[in-house]
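Visitor: Build me a model:
(one chain, ligands or ions: 1)
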Amino acid sequence: MVQKLDDDARTALLTRFRDWTHDPTRDAITRRFTFDDFAQAFGFMTSVAIIAEKMDHHPEWSNVYNRVDILLTTHDADGLSERDAKLAEAIERLL
Ligand SMILES: C[C@H](O)[C@H](O)[C@H]1CNC2=NC(N)=NC(=O)C2=N1
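Guide: Numbering: from 1, shown residues only. Now for the predicted structure:
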C-alpha cells in the first residue's frame with residue numbers, strides 16, 4: 001500500500017501544479033493537453049508512456065486527435081500520493 005497525501009500535502013500539490021484540477025470523486029488530478037495535431041499529441045503520449053513505465057506509475061488517459069486528457073491517481077493508495085506528484089512533474093518537464 002502506498003501512502004496517500006494528507007490534506008496539506010494535497011493543497012501543496014495543487015498550488016504547485018496550477019494547470020491541474022483536483023477531482024474529489026477520485027482524489028485525482030486531471031489536465032487537458034492540446035497540441036497542433038495528432039502526431040504531436042501521440043509523440044507526447046509516447047514520451048509520457050516511457051517515463052510512466054520507468055516510474056512504474058501509469059496515467060489514466062484518453063486521446064482524441066490533438067487532445068490528450070490525463071488523470072493521475074494512485075490505485076495502490078486509493079487516491080493521490082507522491083508518485084502522482086513525481087509523474088506530474090515529469091510530464092510538465094516535457095512541455
Ligand atoms: C505492480 C505495479 O507496481 C503496480 O500495479 C503499479 C503500476 N502502476 C500504477 N499506476 C498508478 N497510477 N497507480 C498505481 O497504484 C500503480 N501501481
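
Visitor: going forward, measure contacts and count neighbours with C-alpha atoms only.
Guide: Will do.

Visitor: Buried residues, the longest helix that the chain contains. List them.
Guide: What stands out as the longest helix in the chain, according to DSSP state H, is helix 38-55. Across helix 38-55, burial judged by 16 or more other CA atoms under 10 Å covers Phe38, Ala41, Phe42, Phe44, Met45, Val48, Ala49, Ile51, Ala52.

Visitor: In TSV: those, plus pLDDT.
Guide: Formatted as TSV, these follow (pLDDT from 0 to 100):
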residue	pLDDT
Phe38	99
Ala41	98
Phe42	98
Phe44	98
Met45	99
Val48	99
Ala49	99
Ile51	98
Ala52	98
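
Visitor: Which of those lies at the shortest distance from the ligand?
Guide: Nearest to the ligand among the buried residues of helix 38-55, counting by CA to the nearest ligand atom, is Ala52 at 7.9 Å.

Visitor: Now for that closest one: which residues touch it?
Guide: Residues in contact with Ala52, defined by CA atoms under 8 Å, 6 or more residues apart in numbering, are His58, Pro59, Leu87.

Visitor: doesn't Ile70 make contact with His34?
Guide: Actually, residue 34 is Thr rather than His. No - when contacts are counted by CA atoms under 8 Å, Thr34 is not listed as touching Ile70 (11.3 Å).

Visitor: Which element is encountered next along the chain beyond the longest helix of the chain?
Guide: strand 60-64 (DSSP states H and E).

Visitor: Give me the distance from the next helix or strand after that following strand to the chain's centre.
Guide: From strand 60-64 onward toward the C-terminus, using DSSP H and E, the following helix or strand is strand 67-72. Centre-to-centre, strand 67-72 and its host chain are 7 Å apart (CA atoms, centre = their mean, to the nearest Å).
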